[in-house]
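Participant: the amino acid sequence is not available; the structure is as follows:
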Ligand code: UDP
């Protein structure tokens, strides 16, 4: 059985459905602070908080878990600046509890949700795994520290791990069984779709004076189902005995500016929506684009969704199903 912490969240729920589709037994542990239980399909569900060691211990005693996929975390850059303590307690303290419980239960493999935020403002593009790691906010610092914890846990206890550094996750399950549903929503694509549906008045574009071709930030958007697939490949590698402590970037290798995303959303939905230029958001680097060559080679990771319109189509299908007025506000 596989334990997925944070399995009711955006990326976690896509992985849970992917594992269930493979016929695997899945146990989801989530405190439902941001996640949605109904998005975890037929997985076994335990409502618990990774900050509470006794709860994790109890769950790992109750179920025959042989591998962990660890998504549970706080993940908003802005919040991490205003309340870093919560990030240390949840992300670092929570992962210490997971590792402690894994050791007690004799579990020796874990796939960890890391982030492009470990790199901070990149000096060279595309960013590969060897790039300097200088996070510019507490969120990125917690992810980097956890990667170090995992490295030490391999050396000291033989826990094998793969850390996956996501760039910008986007899109939704192609069957629209799950997708993005944050409250409040802070991410670009769902906010643009909210503006299309009239759930928000407008999209604020954070900064149009960046040194990019149109002045707006450039990001590497990668489909969430492709991210889920990379986790399954990492897990299968660990199950075959590969990897001691590894990290891989996961991106699409192509940058899109905020305005290019806006125009893709307009073209996919066939509708316009109001937007307004607003000041830069603190902590946003101008450009982040990944090299995922290592994952392509060592995980044999092949992305299914390369085209931005296709990525946004899946998000749009989900968004309409979940939020169209009259169904759920
Ligand atoms: N962004 C924006 N308006 C919004 C939300 C995001 O202009 O309402 C920009 C943001 O500045 C960044 C990009 O969209 O350049 C992606 O931001 P998001 O929050 O989706 O992901 P992040 O890069 O923070 O992981």
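Facilitator: Sure thing, it's come through. All values reported here derive from a predicted model rather than from experimental measurement.
Participant: how about the residue in the stretch 1-150 of the chain that the ligand sits nearest to, phi and psi?
Facilitator: Using CB to the nearest ligand atom, the closest approach of the stretch 1-150 of the chain to the ligand is made by residue 77 at 5.7 Å. Heads up, the C-betas are built off the backbone N, CA and C, glycines and all. The phi/psi pair for residue 77 (degrees, to the nearest 10) reads phi -60, psi -50.
Participant: any idea how far residue 179 is from the nearest residue to residue 116 once chain neighbours are set aside?
Facilitator: Using CB to CB, 6 or more residues apart in numbering and skipping the chain neighbours, the partner closest in space to residue 116 is residue 167 (4.7 Å). Note on residue 167: its distance to residue 179, by CB to CB, to the nearest Å, is 18 Å.
Participant: and these two? Which one has more around it.
Facilitator: Neighbour totals were compared for residue 167 and residue 179, and residue 167 leads with 26 against 23 (other CB atoms under 10 Å).
Participant: sorry, back to before: just the pLDDT for the residue of the stretch 1-150 of the chain closest to the ligand.
Facilitator: Per-residue confidence (pLDDT) for residue 77: 90.
Participant: tell me the bridge partners for residue 257.
Facilitator: For residue 257, the beta-bridge partners are residue 218 (DSSP bridges).
Participant: run a quick neighbour tally on it.
Facilitator: Neighbours around residue 257, by other CB under 10 Å: 20.
Participant: contacting residues for it?
Facilitator: 212-214, 216-218 (CB atoms under 8 Å, 6 or more residues apart in numbering).
Participant: by neighbours, which of the residues you listed wins?
Facilitator: Neighbour max across these (other CB under 10 Å) = residue 217, 25 neighbours.
Participant: which residues does it contact?
Facilitator: 206-207, 210, 257-258, 284-287.
Participant: quick check, residue 111 in a helix?
Facilitator: No: per DSSP: H, G, I helix; E, B strand; the rest coil, residue 111 lies outside any helix segment and is strand.
Participant: so who does it touch?
Facilitator: Residue 111 neighbours (CB under 8 Å, 6+ apart): 67-70, 161-164, 231, 234-235, 238.
Participant: where's it relative to residue 168, distance?
Facilitator: Taking CB to CB, one finds residue 111 at 19 Å from residue 168.
Participant: repeat for residue 182
Facilitator: In this structure, residue 182 and residue 168 are 14 Å apart, going by CB to CB.
Participant: more crowded one of these two?
Facilitator: Neighbour count, other CB under 10 Å: between residue 182 and residue 168, residue 168 has more, with 19 against 15.
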